[in-house]
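Undergrad: Predicted model and sequence follow; I will ask about them next.
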Amino acid sequence: MKSELLQENKLANQDIDYKKVLKILWSRWYWIAGCVLIAMVISYIYLWYTPPVYTTSASIKFDEKKSEITELLKVSNFYDRTNKMQSETFVIQSNPVLINAISRIDYKISYFIKGRVRTSETYPEIPYPIEIISQDSINFNRQMYDLRNVAANRFELSHKNGTQIEKKIYHYGDTIKKPGVVFRIKSSAGVDGSLYSFRFNKKEDFIGRVSGGLSMRDAAKGSNVLFLSQTDANAFFAADILNAIVGEYVYFDGSQRSLAALQTIEFIDGQLKFLSDEVKASGSALEQFKRNKGLIDISTNTQISVGKLTQRETEKSTLKLEDLAINQLEQQILNNKDRLNLNFNLEESGGGLLSSLITQLNNLIIEREKKLNQFNVNSQPVQESDNQIAVIKKAIVNNIRLARERNQRTQRYVDVQIGLAQQSLNTLPSAERDFVNLQSVFNINQKVFSYLSEKKLEAQISKAAVVPGATSVNQAAPGYIVAPVPKQVYTYGMFFGLASGIGLILLIRIINPYIYDKETVESLTNIPIIGIIRKFPNYIDKENRQILSLEKPKSIFAESVRSVRTNLSYLASEAESKVICVTSEIAGEGKSFVTVNLASTLALIDKKVVLVAADLRRSKLHKTFSVNNSKGLSNYLANQETLEGITTKTDVENLSFIPSGPVPPNPSELLHSKKMQDFIAELRTRYDFILIDTAPVGLVSDAIPLIRQADINLYVIRSGVSKYTAGSVPDRISREYGLTNVVIVLNAFSDDALYSRYYSTNYATSSQATYYYYSDYSGYSSSGYYTDDEKSGWWKFWNILKKDK
């Protein structure tokens, strides 16, 4: 039968109430407003202190131009470009191009003007011309020098020297010697009362600034136009350096295209110088032989053999030249980290792969140079580039090895052919044979000389035919501000402030461990709530001497207590005398406060009410009624006093009070005794309502026997004091002792929505068996029904002053 009494109801169904979400946020609108205000102030300070960043743009068009000479002679350029757009972006950002571009602008001295908030560069304006008399190219003082005009012809120059500030007065035009630099400031024509600064630079000091602000992209997909942009804190510097980069790249591109031809010309010049002497020597020897021996006519067969020998010797000489060029290229690959170009004509010897491999190697070297602007030599990105370069170099060396092997095989074949030609000539008479040999040597030297001269001419034509493969389409001009944009900063600041305010509200709610509203209680337990007692707005003394429901009968608080009284009438309605046990989880949750006000309210409807202070350990109810606690319930249970001796009439009509009495050594045993059961039975015969204020069930077990004897068990949860664990106690009590008479009162509820649950209980779809009608009276204080709660607004202060008079 006990199982039939248990409450097996599920928790109430709850749905998100978006109006409550808005109400929660609105409850702390001033937090959100404060966060927005702080964010806007921070945005203002950020705009005040942050120097603007400007951007400018230019564009380059890539096209393979050919000069009239190239078209006429059908000469192909030595310079090959694959994957043009991608590879050229690496070239533009390479150190050689950037260093030379920096050389095109006035980089040696940077001028600044110091303001109250920030220091700004004056480029391209020069407030005072400085002449550098001498300067160490590496070791010179790069510190900032501050200049302040003190008179028409004098100025103060200061700078840091270690931890000290070094100051000195100079005349304009004086020679100033500082570590690594000697200079003079010529005049003060542009110097006003402001504080100026300057600094000496070298080209490498600008690499990070330039490369960090340089970006490139294709103007359109599939186009041959590259769009370049430069960002910098100085709009004029950004425009000048970007134009310098474009100009330097166009020049660099043309010089690189002609570099292969120049290397070929240099190589051939070295060989021609040697062969010129050989041709002269062999020609002189042949002429001397003819004068000494006389003119010798040789047969047709001999002439044919001489021609074949000369042809093979010429081929061998050409192969030796090619082998020399192969060795030179191999040494460049192994010993050089700079970019390379094919000298002579090695593409056919390399099987057509050398040119492609060298192009890949050059691109990797350029990419490595770009990474060195951001990383050190031992960093992972640079090490990855080194590994890729090593792989490509290994492939090039392998290709060179194969080319050398082909060259040597061809030389061996030519040597065999030369040997056969020599055998046919060995049958000739000695004089004719000597003539043939001299003639052959002369012809070989002459043909090789002619061959190299032709190659030199081809290289010179190729050099003359070179036209840069890129042209500047649009020049950069001083651009516009890209950061910080005030509208954007304030917009972000406002959204950040809103997010911070809302986030603060959410954070406070997340770390909150307390129960605040009935929806939270309903989400934790299926025990019904019998009512909500409002928080009393005025001061309450510690002893609860004010019986508040009587002192403020027209307050929302009093009405909320009466609402609980009304709902109590529906519980245990068959009992002629109702025993109501009031408890809570811990002390300080207001069970005694609720008991006093509920008892006084019940007495108002002509019911005989007795209030029993059954907390035998630390009851304070006797102070509320100003009763001596020297005798009370503990004396009665110990057979030391009679019921009439411990019962006290109060100032409230129909309300009696029984104090707890002195603290006994065995309070739990006394409350579990048969004497206590008889005590409650006797009270039933004398009173309509017996309200028992017990000890907290979460701390001691004293209240358990009283709970089991009560007709109604009133469990008090205090808003803002009771933790979430308090919500599970009524269920546990009901389940463990088979009780169906447990109800909850939410005490000290206020209108503050910050901690309220943003769900609303859907009573129509909930399976919970019992609900009681009650109100939380939110927003009704100004309805006119609760005159004890009416307050004068601050804007009606003159009415208050008038009443005081």
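TA: Here it is on my side, so go on.

Undergrad: hang on, Ala101 packs against Ile245?
TA: Yes - the pair Ala101 / Ile245 is scored as a contact, 4.4 Å apart, by C-beta atoms under 8 Å. Using the backbone N, CA and C atoms, a C-beta is placed for each residue, glycine as well.

Undergrad: okay, and the common contacts of the two?
TA: In terms of C-beta atoms under 8 Å, 6 or more residues apart in numbering, Ala101 and Ile245 are both contacted by the residues Val210.

Undergrad: And Val627, how close does it get to Pro129?
TA: Going from Val627 to Pro129 by C-beta to C-beta, to the nearest Å gives 100 Å.

Undergrad: if you count what's nearby, which of the two comes out ahead?
TA: Using other C-beta atoms under 10 Å as the criterion, Val627 and Pro129 rank with Val627 on top: 18 against 12.

Undergrad: Quick one: the helices in the stretch 451-600 of the chain, in order.
TA: Here the stretch 451-600 of the chain has its helices, by DSSP state H, counting those that start in this stretch, at 486-510, 518-524, 548-551, 556-568, 591-603.

Undergrad: Now tabulate the ones you listed in JSON lines and tack on mean neighbour count and distance to Gly270.
TA: Listed next are the helices of the stretch 451-600 of the chain as JSON lines, based on neighbours: other C-beta atoms under 10 Å; distance: least, C-beta to C-beta, whole Å:
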{"stretch": "helix 486-510", "mean neighbour count": "15", "distance to Gly270": "64"}
{"stretch": "helix 518-524", "mean neighbour count": "21", "distance to Gly270": "95"}
{"stretch": "helix 548-551", "mean neighbour count": "19", "distance to Gly270": "115"}
{"stretch": "helix 556-568", "mean neighbour count": "22", "distance to Gly270": "110"}
{"stretch": "helix 591-603", "mean neighbour count": "26", "distance to Gly270": "111"}
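
Undergrad: Send me stretch 654-665 as PDB with only the CA atoms.
TA: Provided in PDB are the C-alpha atoms of stretch 654-665 (Å, rounded to 0.1, in the frame of the first residue of the first chain):
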ATOM      1  CA  ASN A 654      -5.900  33.100  18.600                       C
ATOM      2  CA  LEU A 655      -2.100  32.500  18.400                       C
ATOM      3  CA  SER A 656      -0.300  30.600  21.100                       C
ATOM      4  CA  PHE A 657       3.400  29.800  21.300                       C
ATOM      5  CA  ILE A 658       5.400  27.000  22.800                       C
ATOM      6  CA  PRO A 659       9.200  27.700  23.000                       C
ATOM      7  CA  SER A 660      11.800  25.100  22.500                       C
ATOM      8  CA  GLY A 661      13.200  25.400  26.100                       C
ATOM      9  CA  PRO A 662      16.700  24.700  27.200                       C
ATOM     10  CA  VAL A 663      19.000  22.700  24.900                       C
ATOM     11  CA  PRO A 664      18.800  19.100  26.100                       C
ATOM     12  CA  PRO A 665      21.600  16.500  25.800                       C
END
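
Undergrad: circling back to that earlier point, including distance to Lys620 and mean pLDDT, could the helices of the stretch 451-600 of the chain go into CSV?
TA: Shown next, in CSV, are these (distance: least, C-beta to C-beta, whole Å; pLDDT from 0 to 100):
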stretch, distance to Lys620, mean pLDDT
helix 486-510, 33, 94
helix 518-524, 26, 88
helix 548-551, 16, 68
helix 556-568, 20, 88
helix 591-603, 7, 91
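
Undergrad: Let's have these in JSON lines, adding distance to Ile333.
TA: Listed next are the helices of the stretch 451-600 of the chain as JSON lines, based on distance: least, C-beta to C-beta, whole Å:
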{"stretch": "helix 486-510", "distance to Ile333": "52"}
{"stretch": "helix 518-524", "distance to Ile333": "77"}
{"stretch": "helix 548-551", "distance to Ile333": "99"}
{"stretch": "helix 556-568", "distance to Ile333": "94"}
{"stretch": "helix 591-603", "distance to Ile333": "93"}
